[in-house]
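Participant: this is the structure alone, sequence omitted:
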Ligand SMILES: [Ca+2]
Ligand SMILES: [Ca+2]
């Protein structure tokens, strides 16, 4: 539980402090981003709840990219810029438990 709390705290802080666009390349939508959410229903529900900007029940490429960026920040608990399988699983479990 302590790990999950740290994960939440780090993720929330990182999201709050994250500049709108870190760099131009990162802000371009990745066509494969949607796969992250299609593969994991809990993540899709989370993404729709917080990143469906126009509330139409669908994630556009831009909405999905914002959600994926936020998820990566949340999942990357050691802040090394990469999400390992372990970090990914922990973050999915966190999203499932919390949302
Ligand atoms: Ca939408
Ligand atoms: Ca990491």
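Facilitator: It's in. The structure displayed is predicted, hence computed values, not measured ones. Residues are numbered from 1 along each chain as shown. Ligands and ions are numbered 1, 2, ... in the order given.
Participant: going by C-alpha atoms from here, please, whenever you check contacts or count neighbours.
Facilitator: Noted.
Participant: so which elements touch the helix or strand that contains residue 49?
Facilitator: Using DSSP states H and E, residue 49 sits in helix 41-51. When contacts are defined as 3 or more Cα pairs under 8 Å, 6 or more residues apart in numbering; DSSP states H and E, helix 41-51 packs onto helix 33-39, helix 61-75, helix 85-98.
Participant: nearest to residue 50, out of these?
Facilitator: helix 61-75 (7.7 Å; Cα to Cα).
Participant: how close does the residue positioned nearest the centre of the chain sit to residue 84?
Facilitator: The centre of the chain sits closest to residue 71, judged by Cα atoms, centre = their mean, with a distance of 1.2 Å. Distance, residue 71 to residue 84, by Cα to Cα, to the nearest Å: 13 Å.
Participant: show me the contacts for the residue nearest to the centre of the chain.
Facilitator: Shown in contact with residue 71 (Cα atoms under 8 Å, 6 or more residues apart in numbering): residue 91.
Participant: can you check the pLDDT for it?
Facilitator: Looking at residue 71, its pLDDT is 96.
Participant: and residue 48, by the same measure?
Facilitator: Reported pLDDT for residue 48: 97.
Participant: that one against residue 57, yeah?
Facilitator: Yes - at 6.6 Å, residue 48 and residue 57 qualify as touching, with contact defined as Cα atoms under 8 Å.
Participant: between the two, which is the more surrounded one?
Facilitator: The neighbour comparison of residue 48 against residue 57 (other Cα atoms under 10 Å) goes to residue 48, with 20 against 11.
Participant: now do the same contact list for residue 47.
Facilitator: With Cα under 8 Å, 6+ apart, residue 47 has these contacts: 37, 59, 64, 67.
Participant: report the buried members of those.
Facilitator: Among the contacts of residue 47, those buried by neighbour count (16 or more other Cα atoms under 10 Å) are 37, 59, 64, 67.
Participant: so who does the third one touch?
Facilitator: Think residue 64. 29, 33, 34, 47, 51.
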